[in-house]
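Chemist: I would like the atomic coordinates for the input below:
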Amino acid sequence: MPLRVGFDLDGTVADMYSALHDEALKLFGEEVLRKAAYKSKKPRQAVRQAAGVKAGAEQDNAAPAPAPEDDPTTAMAMTELHLTARQQMQLWDHVKKIDNFWTALPELEPGIIARIAKTSVERRWEVIFLTTRPATAGELVQMQSQRWLEAHGFQYPSVYVVQQSRGKIADALQLDAFVDDRPENCLDVAIDSKARAILIWRGAEGGVPASARRLGIGGVPTVAACLDLLIQADTEAPDGLVSRLTKLLRLKSSAPARAGV
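Modeler: Sure thing, here's the model as predicted:
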C-alpha cells in the first residue's frame, strides 16, 4: 500500500505572515507597524494586559482576541503583527477584498512544494493538503490553494478545505502521517486517528509541548527534515511506518489513545 501523507498549508509550507505583513505595510505604512512592534515589547503594557486592564485606550492597544471568522493560524499571523483590534479588523477587511489572495503567498522553505511533489512521485506516496483558510474575493479557497501548489511545482494537487476535526478527516482518509505547525491540530489527529502526527516546530529546541509528546507527537524544525524522516521510515520499515517513525522521533512506543477507546 502506498504511504498516505497529509500536509497543512499555512504556517507549514505557505508563509501567510509575510503576505499579511506586506498588506499591512500598504494599508498602515511602515511607521505604524514599527510603533506597534515597539509597544508590544514594553514591559508596562505586558503588565497591564496581565492585570486585565479594560480602559478603552488600553483595550484598543492590547493583543486582541481572534475574530470568529479567522482560523487559528490566520489569527496568530494577525496577532504577530502587533496591531490593535481595530487595525486587525481593517487589515482583514482589506485582505478579504483581494482577488485570489491565497495564490500569492511565498513558500516558507523555498522549493519545498516541488520537493514534496518529487518525493511523492518517486516513492509513490499519496499526498493531500488540508487547510482552514477563510474565503477571499476571487476563486474558492480550494481552487486558489490548488493553483498555488501547482505554481510551486505540485501537479494535480488534492486539497481539502477543513471545516471540522482534522483527526476525523485523517481517520476517514486513512492517513499514515499528518504534518502540521500547530500542536492543537496534531493533538486532534493523534486522538481521533491512527495517523502519526508530526509537528513542524520552528521554536526553541525542546519546546514541543509535553501534552503533544505524551500522545506520541514529535517535533522537527522544518518540512525538509520531516520529509527526510518520512523517507527513512518508509525505506526501513514500509509495513511498520508508525512504529519506525516513533523510534526516529525518539518517542514512546505506545500508540496514542483514540477517542472512545
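
Chemist: From here on, just use CA atoms for contacts and neighbour counts.
Modeler: Will do.

Chemist: which stretches of the protein form helices?
Modeler: 16-28, 30-40, 43-51, 56-61, 72-79, 85-96, 112-123, 141-151, 166-172, 183-192, 210-214, 223-236, 241-248 (DSSP state H).

Chemist: Give the buried residues for the longest one.
Modeler: Of the residues in helix 223-236, 223-224, 226-227, 229-234 count as buried by neighbour count, 16 or more other CA atoms under 10 Å.

Chemist: and it with helix 112-123, angle?
Modeler: Relative orientation of helix 223-236 and helix 112-123, computed by axes from the mean of the first three to the mean of the last three CA atoms, to 10 degrees: 10 degrees.

Chemist: ditto for the last one
Modeler: With the same axes, to 10 degrees defining the directions, helix 241-248 sits at 130 degrees from helix 112-123.

Chemist: what about Gly240, neighbour count?
Modeler: Using other CA atoms under 10 Å, the number of residues around Gly240 comes to 11.

Chemist: Check the gap between it and Gln232 for me.
Modeler: Here the distance between Gly240 and Gln232 works out to 12 Å (CA to CA, to the nearest Å).

Chemist: Thr132 now?
Modeler: 30 Å.

Chemist: ok, Gln87 - how many residues close by?
Modeler: For Gln87, the neighbour count with other CA under 10 Å is 18.

Chemist: Tell me who's in contact with it.
Modeler: Contacts for Gln87 (CA atoms under 8 Å, 6 or more residues apart in numbering) come out as none.

Chemist: Can you pull out the residues in contact with stretch 134-153?
Modeler: Stretch 134-153 has contacts (CA under 8 Å, 6+ apart) with 69-71, 95-105, 111, 113-114, 117, 133, 155-161.

Chemist: Buried residues in it, which are they?
Modeler: 135-136, 141-150, 152-153.

Chemist: What would that stretch look like as CSV? C-alpha coordinates only.
Modeler: What follows is stretch 134-153, C-alpha atoms only, in CSV (Å, rounded to 0.1, in the frame of the first residue of the first chain):
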residue,chain,number,x,y,z
PRO,A,134,-11.0,31.8,5.2
ALA,A,135,-12.6,32.9,2.0
THR,A,136,-11.4,36.0,0.0
ALA,A,137,-12.5,37.6,-3.3
GLY,A,138,-11.9,35.6,-6.4
GLU,A,139,-11.9,31.9,-6.7
LEU,A,140,-12.9,29.4,-4.0
VAL,A,141,-10.3,28.7,-1.3
GLN,A,142,-9.8,25.2,-2.6
MET,A,143,-9.1,26.4,-6.2
GLN,A,144,-6.8,29.2,-5.0
SER,A,145,-4.8,26.6,-3.0
GLN,A,146,-4.6,24.2,-5.9
ARG,A,147,-3.3,27.0,-8.2
TRP,A,148,-0.7,28.0,-5.5
LEU,A,149,0.5,24.4,-5.2
GLU,A,150,0.7,23.9,-9.0
ALA,A,151,2.6,27.2,-9.4
HIS,A,152,5.2,25.9,-6.9
GLY,A,153,5.7,22.5,-8.6
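
Chemist: still on that earlier bit, with distance to Ala212 and pLDDT as new columns, can the buried residues of helix 223-236 be given to me in TSV?
Modeler: Shown next, in TSV, are the buried residues of helix 223-236 (distance: CA to CA, whole Å; pLDDT from 0 to 100):
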residue	distance to Ala212	pLDDT
Val223	18	97
Ala224	21	97
Cys226	17	95
Leu227	20	96
Leu229	18	92
Leu230	19	94
Ile231	23	93
Gln232	22	91
Ala233	20	88
Asp234	23	88
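
Chemist: Quick check: closest non-adjacent residue to Ala37.
Modeler: In this structure, Ala37 finds its nearest non-sequential neighbour in His82, 5.6 Å apart by CA to CA, 6 or more residues apart in numbering.
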